[in-house]
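In: pasting a predicted model and its sequence here:
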Amino acid sequence: GDAKLDYVCAINSKGVQSGDNTDKQESSESMSSGTGWPVAGGFVVTNHHVVADRNIINILLRNGEKMTGTVVMDDATNDLVLIQVSDESRLPPALPLSTKPTHAGVRVFTIGYPHPDLMGSEPKITDGIISSLTGFDNDPRTYQISVPLQSGNSGGPLINMNGEVIGI
C-alpha cells in the first residue's frame, strides 16, 4: 500500500567529505543522490556508491524535512553503508527484513527516487520478479530482477509481497 512510501528517504551526499574540514563549496558534479531506508536502532541503509566516500550525509524525509546522518559502517566490497541519523525519532519505523530465503519467480517491488531532477521528488514504485538467485558469474550475493531501475533508485529496498526487505 501507499504506507510503504513513507519508509524511504532521499540520500544526498553533497557536503562534507571524509577528512575535509573546510567550508569550501563543491561543484554540483560531485553531488550524488539515491534512496535509503530505515532499519532498527535509528540507522539508514543505502549503497556505498550513493554516498561517494563521504562521512556526513544529507537525508531528505518524505515529508520534506531534512536531517543529517553519519556513515558508521562502510562496506565497499558489497556496496553497502550504514548511516546513523541525528534524530532517530524523526525516522519512520524500520522496514522488516525477511528471515526466509526467497526463490526465482517471486514478485518483488522497490521504492525509490529515480532521476528526481526530471521525474519529481515523489517516491516511485516499480515491480517485477526475481529472475535468478545469482548475479554476474553466478554471484550468490546478487539477484537478477525484472524490476526497471534508474539512477536514483540505488540504495533502495527490494521488497517481497509480505512487505519484507529481501535485497537492496
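Out: Alright, I've got the coordinates.
In: when you work out contacts or count neighbours from here on, use the C-alpha atoms and nothing else.
Out: Will do.
In: how near is Asp117 to Ser151?
Out: Applying Cα to Cα, to the nearest Å, the value for Asp117 to Ser151 is 11 Å.
In: compare those two (neighbour count), which wins?
Out: Ser151 (15 against 9; other Cα atoms under 10 Å).
In: list the contacts for the nearest residue to Val39 once chain neighbours are set aside?
Out: By the measure of Cα to Cα, 6 or more residues apart in numbering, the closest residue to Val39 outside its immediate chain neighbours is Ala94, 4.4 Å from it. For Ala94, the contacting residues are Tyr7, Trp37, Pro38, Val39, Ala40, by Cα atoms under 8 Å, 6 or more residues apart in numbering.
In: most surrounded residue in those residues?
Out: Trp37 (27 neighbours).
In: that residue belongs to a strand?
Out: Yes - with DSSP: H, G, I helix; E, B strand; the rest coil as the criterion, Trp37 is part of a strand.
In: three-state assignment of Pro89?
Out: Residue 89: Ser, not Pro. With three-state DSSP as the criterion, Ser89 was assigned helix.
In: tell me the contacts of it?
Out: With Cα under 8 Å, 6+ apart as the criterion, the residues that contact Ser89 are Gly42.
In: re earlier: the residue nearest to Val39: what secondary structure?
Out: Secondary structure assignment for Ala94 (three-state DSSP): coil.
In: how much space between it and Val8?
Out: Taking Cα to Cα as the measure, Ala94 and Val8 are separated by 10 Å.
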